[in-house]
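Just to be clear, the model below is a prediction. Sequence and coordinates:
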Amino acid sequence: MSLVILKEFVDQLPNNGWFEASDYVWKHHDKLSPEDVIASGFIEIAMDCFQKNENMIGCTRALWYLMRHSNVVVDHILKMRYIDLLMDVERIFEFEPRTILSILYSLQDLSFYFPTECFKALPIIKHALLQNLGEAHTITCHASLMNMALHEGLQKPFMDDKELMTMVEETVYDPQSAIKPRKHACGFVTNLYFGNGLSQKEKGQLDELYAFILGFLRGDDLELKLAVLKSCNTYKLEEMGVRKVLNKNNVPLIMIEILQDKKASIEFRAVASGGLWNFSGCDYGAKALFDLGKVPDIVDIFNTASWKELDDNDESPKYKLVGVLCNLCLYLPQEHLNELRELGLHDILHELMQSKDPSKQPVNAAIGLSCLVGHVENNPMLLADSTIFEMMCECLEKTREGTGFHGCSFEQWEPIGGLSHLSVSDSNKALLHDTKCVECVCKGFKVGVDDRADEVVAKFISNMSFKYDLVTDFDVSVQILLIMEAIKENSKSLEARRLANIAIFQQQMKQRSPQPAKAIATSSSSSTTMSKNSSSPATMSTTALQPKSVEQVMLSCPTSMVDSVKRLRLYLEGEGVNVWINGNIGMTLDEMAGAVEASHVIVVCLCYAYKSSQICRAECEYALQTRKPIIIFSLQEGYEPDGWLYQLTDGKKVETTTEGLVREIWKHATNPILRKFPKK
């Protein structure tokens, strides 16, 4: 029926019916399919008039409205050489201003979904800016430029167009510029500055201009301030450099000030909270907020905000602040998590999780909670309530079915990631086992589809392998090992392959009896390798990992502390100690096993990250298996170990000085002369 009505209007063309036909397409776009619009003949008549310079007001408005229908219709128009007809700039600017405005509007619509096609018409946009035809024309031109600047392939050509860049700069700097063109010009510069299409040197040419734009956040013009704030919020912030620029210009502080301002509008506070959510979404962003001392303020803002305040998208600032709180849990180093717990963040997230209210982000709250308390042993909150384990599993099942969960869509790595955080604690491992979380993760999992999923599955299973036998303790024991073998051999992620190898290695160690101490001492002068494809215990053989002497000492540390341990290594070597350090994320289990075998003593570099490091735990387990002497050295002051690391250190002296460490190392020297006269 809609096509019949449209054809009635089209039949009146070209002499009459332009506005009626255009309005009908616009108002009934949901009832008219692209095929209906094309079949009506409307496009052909409009393009024919445009080519012949006939009925220009009607046909240009019609083409603009038609392009707003769908990308299929736009593609049909482009194939009829619409852009080629715009190349005659002199011809276009002989038309009256409202005809030119319709053409510019059509380019604005093209600029977002078909930026490279729109770029071909850049001479039209530049000429319109130079002609200064009116505010509407100028706004439309700058909006098109802003949209096209999102396309990485166009960023360098824009930067190389000195005439265009001069016009944009004049609009940004000129206080007399109208607000809307000015804010679009700011958006254009922001998209160039944050994009990946420019070199760092080219971006450096925009430093001063972008810093000037960020200055609008301190200005009095609310519309311009909001536009710049949105550009800091909505742009993809994958690059750490972007966050560094924002932090250098105090943008996070400004966002927090807006949220604390009771007079700020709901729109401003919604944008500011969304901006903080994006900013906090990486290690650097979360750490920057912590270092600014603003985490207590953010928690206080959340606690005093109301769920009833909604912006135009029916989302409250408080909803977005949940994302900020979860990011802090996810990305802050473990040594700072105690401070989050002191602020009561675990209680906040637990309440949000239990609400199961989609408007309160219960699943994200559960994932944040898993990061915050997952490594804590015997946490009463988790021991008393299994909701978090059940929610992660249910979310994973719904995700694999392709359905939403609590009003949100997730990728499978997200709930599995939450379970992997929970699996750090040995007390949680029992809860994960009892709630069948391992079976849920392994059921239907396909290796190689998503690197992140491979990594979190391998992390989860490798953590569980330290407490459980992967063959006998789970309902899907065969599948677990198949998945680990598949990740080890086929995953594109180096980290996933490394973690899967740890799980396999741990399983092999469970099937191997400890060697007698004498046998270990005998083999300590040569390293070992583990047969890559064997499912039996590691096979001992001489490798290239020959120690410099039988007095080799192994420093066991997580990769995040390598720099600190390298300084320790230099000191020990200066004292005559022959040192081997792990700290290499690419280190294989063959190398690790060989290094433990080749070392006379193992030094555990005690720190916050040690307990969560699978390779460090594997080293300790293997050192105990092979009965190697273990010395505990405190690398981070104030850290109190718990769980398996507490059991390892319980009753042992913890060395806190390098001098004490050297004395303890020489006590274990096999050569009595060296014990009496340590090398200087």
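Yep, it's here.

Phi and psi next, for residue 603.
phi -100, psi 110 (degrees, to the nearest 10).

partners of it in the sheet?
Beta-bridge pairing for residue 603 (DSSP bridges): residue 555, residue 631.

separation between residue 286 and residue 613?
Noted for residue 286: a distance of 20 Å to residue 613, by C-beta to C-beta, to the nearest Å. Heads up, the C-betas are built off the backbone N, CA and C, glycines and all.

which residues of the stretch 301-450 of the chain fall in helices?
Listed in chain order, the helices of the stretch 301-450 of the chain (DSSP state H, counting those that start in this stretch) span 317-331, 337-342, 345-355, 362-373, 380-384, 387-401, 413-422, 426-434, 437-442.

Same list, these, but as JSON lines with distance to residue 581 and mean neighbour count please.
Listed next are the helices of the stretch 301-450 of the chain as JSON lines, based on distance: least, C-beta to C-beta, whole Å; neighbours: other C-beta atoms under 10 Å:
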{"stretch": "helix 317-331", "distance to residue 581": "27", "mean neighbour count": "24"}
{"stretch": "helix 337-342", "distance to residue 581": "27", "mean neighbour count": "16"}
{"stretch": "helix 345-355", "distance to residue 581": "35", "mean neighbour count": "20"}
{"stretch": "helix 362-373", "distance to residue 581": "28", "mean neighbour count": "27"}
{"stretch": "helix 380-384", "distance to residue 581": "35", "mean neighbour count": "13"}
{"stretch": "helix 387-401", "distance to residue 581": "36", "mean neighbour count": "20"}
{"stretch": "helix 413-422", "distance to residue 581": "26", "mean neighbour count": "26"}
{"stretch": "helix 426-434", "distance to residue 581": "27", "mean neighbour count": "19"}
{"stretch": "helix 437-442", "distance to residue 581": "33", "mean neighbour count": "23"}
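
Mean pLDDT lowest where, among these?
Here the lowest mean pLDDT among the helices of the stretch 301-450 of the chain goes to helix 380-384, at a mean of 86.

Just name whatever secondary elements it is in contact with.
helix 426-434 (3 or more C-beta pairs under 8 Å, 6 or more residues apart in numbering; DSSP states H and E).

7 Å instead, please
Using 3 or more C-beta pairs under 7 Å, 6 or more residues apart in numbering; DSSP states H and E, no helix or strand is in contact with helix 380-384.

all strands for the chain, in order.
Using DSSP state E, the strands of the chain run over 552-556, 578-581, 601-606, 630-634, 654-655.

sorry, back to before: so which of the helices of the stretch 301-450 of the chain comes closest to residue 59?
Closest to residue 59 of the helices of the stretch 301-450 of the chain, according to C-beta to C-beta: helix 317-331, at 44.9 Å.

since we're on residue 505, how many residues are nearby?
Number of residues near residue 505 (other C-beta atoms under 10 Å) recorded here: 24.

swap that for residue 13, please
With other C-beta under 10 Å as criterion, residue 13 counts 21.

ok, it - contacts?
21, 45 (C-beta atoms under 7 Å, 6 or more residues apart in numbering).

Would you list the phi and psi of it?
Torsion angles at residue 13 (phi, psi; degrees, to the nearest 10) stand at phi -80, psi 150.

pLDDT score assigned to the residue lying closest to residue 233 once chain neighbours are set aside?
Excluding the flanking residues, the one nearest residue 233 by C-beta to C-beta, 6 or more residues apart in numbering is residue 275, at 3.8 Å. For residue 275, the pLDDT comes out at 89.

Would you mind measuring from residue 275 to residue 259?
On the measure of C-beta to C-beta, residue 275 and residue 259 end up 10 Å apart.

circling back: make JSON lines out of the helices of the stretch 301-450 of the chain and add distance to residue 301.
JSON lines is the format used below for the helices of the stretch 301-450 of the chain (distance: least, C-beta to C-beta, whole Å):
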{"stretch": "helix 317-331", "distance to residue 301": "7"}
{"stretch": "helix 337-342", "distance to residue 301": "15"}
{"stretch": "helix 345-355", "distance to residue 301": "12"}
{"stretch": "helix 362-373", "distance to residue 301": "17"}
{"stretch": "helix 380-384", "distance to residue 301": "24"}
{"stretch": "helix 387-401", "distance to residue 301": "25"}
{"stretch": "helix 413-422", "distance to residue 301": "25"}
{"stretch": "helix 426-434", "distance to residue 301": "31"}
{"stretch": "helix 437-442", "distance to residue 301": "34"}
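
Identify whichever of the ones you listed lies nearest to residue 506.
Of the helices of the stretch 301-450 of the chain, nearest to residue 506 by C-beta to C-beta is helix 426-434, at 12.8 Å.

Determine the angle, from 0 to 180 degrees, between that closest one and helix 362-373.
For helix 426-434 against helix 362-373, the angle by axes from the mean of the first three to the mean of the last three C-alpha atoms, to 10 degrees is 140 degrees.

so how far is helix 426-434 from its chain's centroid?
Distance of helix 426-434 from its chain centroid, counting by C-alpha atoms, centre = their mean, to the nearest Å, is 28 Å.

before we move on, what about stretch 309-317?
Distance, centroid of stretch 309-317 to centroid of chain: 24 Å (C-alpha atoms, centre = their mean).

For that stretch, measure first residue to last.
Terminal residues of stretch 309-317 lie 7 Å apart, using C-alpha to C-alpha, to the nearest Å.

can you pull the contacts of residue 126?
Residue 126 is in contact with 163-164, counting by C-beta under 7 Å, 6+ apart.

Read off the pLDDT value for it.
We have a pLDDT of 93 for residue 126.

just residue 133 next, same as before
Reported pLDDT at residue 133 in the predicted model: 84.

give me the number of residues near it?
For residue 133, using other C-beta under 10 Å, the count is 19.
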